[in-house]
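>>> model this:
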Amino acid sequence: MVRLLIFAIPIVLIILFINEYIKQRHLAEENWENQWEEKKKNFQQEQELKDKEREIQKLKEKLKDKPQIERLDDD
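So this is what the prediction gives:
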């Protein structure tokens, strides 16, 4: 009986450790995937913002140039 306990307790502990390791690894993979998706989404939003800012700058340039062109036409 004692021999059974000597072998059973470590085996049970090892099995519990392996199960917990598998759970933690699965959670870590899910977390990594979620973070990756979030980073991709943030990157796309940043790119869209940069594109919009470029458009705004182009429109500002056009507005700056427009009065100069009108002045030249008036002359």
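
>>> output the below-cut-off pLDDT ranges for the chain.
Along the chain, segments meeting pLDDT under 70 span 67-75.

>>> mind doing that once more with 80?
66-75 (pLDDT under 80).

>>> A8: how many residues sit nearby?
A8 has 10 neighbours, counted by other C-beta atoms under 10 Å. C-beta coordinates here come from the backbone N, C-alpha and C atoms, glycine included.

>>> now do the helices in this protein.
Counting by DSSP state H, one finds helices in the chain at the ranges 2-74.

>>> name the residue closest to the centre of the chain, please.
K39 (1.5 Å; C-alpha atoms, centre = their mean).

>>> what distance do you get for that residue to L49?
15 Å (C-beta to C-beta, to the nearest Å).

>>> who are the contact partners of L59?
When contacts are counted by C-beta atoms under 8 Å, 6 or more residues apart in numbering, L59 touches no other residue.

>>> correction: the previous question concerned R54.
Taking C-beta under 8 Å, 6+ apart, one finds nothing in contact with R54.

>>> can we start the residue count at 442 from this point?
Happy to do that; since the first residue is 442 now, the last one works out to R495.

>>> roughly how far apart are it and K501?
Distance from R495 to K501, by C-beta to C-beta: 11 Å.

>>> joint contacts of those two?
With C-beta under 8 Å, 6+ apart, R495 and K501 have no common neighbours.

>>> could you measure from I456 over to I463?
Per C-beta to C-beta, I456 is found 11 Å from I463.
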